[in-house]
Each structure stands twice: as C-alpha cells, then as structure tokens.
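In: build me a model:
(one chain, ligands or ions: 1)
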Amino acid sequence: MLAPASTSIPFVDAAATPAQLRRFFYAAYCDTPNPLRWLSAVRPYVCPYDKLLQFVRNGGEVLDVGCGAGSLLALLAATKKIRRGVGCDVMAPPLESARAAARRLDAESILTFEHVRSVAEAPEGPFDTVAMIDVLHHVRPRDRSDVFAAAARRVKPGGVLLYKDMTARPGGRRLAHNIDDYVFTREWVEQVAEGAVETWASDHQLALVHDEFIPRLIYGHELRVFQRLEH
Ligand SMILES: C[S@@+](CC[C@H](N)C(=O)[O-])C[C@H]1O[C@@H](n2cnc3c(N)ncnc32)[C@H](O)[C@@H]1O
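Out: Below is the predicted model:
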C-alpha cells in the first residue's frame with residue numbers, strides 16, 4: 001500500500017513548461033528520498049523533455065534505453081501519450097524510483113522497468129519509439145556504436161529512434177556539461193563525437209527526420225530523430 005502523498009500530482013499535458021514539469025516530477029517522485037527527488041524535479045530545466053514529447057508516436061509502445069529514474073516514461077504515461085512503456089537501465093537503484101513513480105501515477109499496468117546488463121538484454125520489441133536520452137556519453141567510446149545498434153534494431157518499420165545527448169561542440173556549453181557530470185559522477189565524460197550517431201543510424205537503415213540544437217541554461221543539447229522506413 002502507498003503511503004499518503006504530501007501533495008497531489010499536478011496535471012500536465014504536452015504543452016507543459018519546465019516549471020510545470022518541476023512541480024509534476026516533485027509530486028510524482030515523492031517516494032524517492034532527497035536529494036534524488038529534488039534532482040528529478042529540477043531536471044526539466046536542464047533536459048528539454050518538453051521538446052521531446054512531440055516526437056514520441058501517439059498511442060504506441062516505447063522502449064526507453066538508459067531510462068534512469070524513468071522521468072520520460074512517467075511523463076508519457078501521465079500525458080496519456082503512449083499505450084505501453086518499458087524502461088531499461090544497467091543501474092538498479094534508479095529503477096526503484098521509476099517503479100514508485102509509476103505506482104503514484106497509477107500507471108503500473110502500462111509502465112515496466114527492467115534491470116539489464118546491456119541493451120542487448122532489453123526486450124526485443126520492435127517498438128514504435130525507442131528513446132535514448134543522455135545515455136551514450138556515459139558509455140565507453142569503443143562500445144557506443146554497439147549500444148546505438150542495439151537500440152536501433154528495436155525500432156519497428158515506420159517507428160522512430162529519439163536520441164538526445166549533450167553537445168560536443170567546442171565551447172562553454174560543453175565545458176558546463178563536463179563540470180556538471182564531474183560534480184555528480186566524478187567522471188570527466190567524453191561527449192559523443194559530432195556526426196557519429198548520424199553515421200550509425202544510416203548503417204541501420206534509419207533516416208534522419210529531425211535535427212536540432214537546443215540551448216538550455218548553460219547547457220547545449222543535440223536532438224536527433226531517426227525513422228525506420230516502412231518496407
Ligand atoms: C544521465 S542518466 C539519463 C537517464 C534518463 N535517460 C533521463 O533522461 O533522465 C544516464 C543513464 O544511462 C544509464 N546507462 C549508462 N550506460 C548504459 C548502458 N550501456 N545501457 C543502458 N543504460 C545505460 C545510466 O545508468 C543512467 O541511468
């Protein structure tokens with residue numbers, strides 16, 4: 001049985017602003033201890049979830065690779081955008097937060113979260129949407145093409161691979177990301193090289209349908225949407 005929540009979960013829709021998303025996540029992650037609850041709440045100011053939603057296939061099935069605490073899937077369930085969502089991650093503790101948020105949102109019947117040793121163990125699908133948000137820069141450079149390939153293989157014909165990662169463009173926004181990750185993970189990450197995902201996507205018969213640089217606060221985001229062509 002769920003403990004009483006300290007506050008009700010505010011309504012959100014596809015037009016939600018980062019401030020509205022902060023209030024939504026703060027309430028939905030009420031079972032996650034601080035500071036992780038607080039970090040989940042402020043993440044929409046850094047990560048442009050509000051820009052990502054429009055690219056997820058309406059009413060479809062979603063695989064979120066490296067879902068962490070499951071924020072994207074929680075939001076997709078709350079906005080009634082998807083029929084089913086599966087999140088997978090190599091780290092188990094954030095998945096507990098993800099499951100607790102799904103319970104709070106009364107979305108346990110549509111959201112599941114799986115601990116995997118690699119994306120190769122994720123459900124095969126294929127899925128209408130496969131998301132990979134801020135994952136690849138945490139993967140060793142020599143393993144990145146394999147992780148991307150495993151995600152790409154799970155996109156069904158006509159479906160999309162929604163990719164977002166921190167910018168590799170030289171300058172202050174890249175440095176801000178390095179410092180941020182160093183503070184939180186003690187790792188000086190190497191961003192995904194410019195043009196790399198476009199090459200891997202093309203190797204897997206995925207066409208680039210949207211390409212956007214999103215500056216947010218002191219950070220820079222590279223959004224790419226790839227589509228698998230219908231046979
Ligand atoms: C910065 S977090 C992003 C979490 C989530 N996608 C989001 O946007 O909130 C990066 C996540 O990628 C996961 N990760 C790193 N390497 C991975 C891999 N090879 N396969 C799956 N997940 C991985 C980490 O465990 C972490 O949860």
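In: ignoring the adjacent residues along the chain, who's closest to the spatially most central residue of the chain?
Out: Taking Cα atoms, centre = their mean, the centroid of the chain lies closest to residue 133, which sits 3.7 Å from it. Once flanking residues are discounted, residue 133 sits nearest to residue 164: 4.8 Å by Cβ to Cβ, 6 or more residues apart in numbering. (C-beta placed from N, C-alpha, C; glycine too.)
In: the one you found belongs to a strand, doesn't it?
Out: Yes - assignment of residue 164 by DSSP: H, G, I helix; E, B strand; the rest coil places it within a strand.
In: so who does it touch?
Out: 47, 48, 52, 132, 133, 134, 221, 222, 223, 224 (Cβ atoms under 8 Å, 6 or more residues apart in numbering).
In: and the residue nearest to the centre of the chain, how far from the ligand?
Out: 4 Å (Cβ to the nearest ligand atom, to the nearest Å).
In: phi, psi for that residue please.
Out: Main-chain dihedrals, residue 133, degrees, to the nearest 10: phi -110, psi 110.
In: any idea of the pLDDT on it?
Out: Looking at residue 133, its pLDDT reads 98.
In: next one: the one 3 residues further on
Out: Confidence per residue is given as pLDDT, and for residue 136 that number is 98.
In: can you list contacts of the lengthiest helix in the chain?
Out: Secondary structure assigned by DSSP state H gives helix 172-185 as the longest helix of the chain. With contacts defined as Cβ under 8 Å, 6+ apart, helix 172-185 is touched by 46, 137-138, 166-168, 187-189, 191, 215, 218-220.
In: are any of those buried, and if so which?
Out: With burial judged by 16 or more other Cβ atoms under 10 Å, the buried subset of those is 46, 137, 138, 166, 167, 168, 189, 191, 219, 220.
In: make CSV from those residues and add distance to the ligand to it.
Out: Shown next, in CSV, are the buried ones among the contacts of helix 172-185 (distance: Cβ to the nearest ligand atom, whole Å):
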residue, distance to the ligand
46, 10
137, 8
138, 4
166, 9
167, 14
168, 16
189, 10
191, 13
219, 12
220, 15
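In: just the CA coordinates for stretch 189-202, please, in CSV.
Out: Extracted C-alpha coordinates of stretch 189-202, given in CSV (Å, rounded to 0.1, in the frame of the first residue of the first chain):
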residue,chain,number,x,y,z
VAL,A,189,32.9,12.4,-19.7
GLU,A,190,33.8,12.4,-23.4
GLN,A,191,30.8,13.7,-25.4
VAL,A,192,29.6,11.7,-28.4
ALA,A,193,31.5,12.9,-31.5
GLU,A,194,29.7,15.2,-33.9
GLY,A,195,28.2,13.2,-36.8
ALA,A,196,28.7,9.8,-35.1
VAL,A,197,25.1,8.9,-34.5
GLU,A,198,24.1,10.0,-38.0
THR,A,199,26.6,7.5,-39.4
TRP,A,200,25.5,4.7,-37.1
ALA,A,201,21.8,5.4,-37.8
SER,A,202,22.4,5.2,-41.6
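In: kind regards, and thank you for your time.
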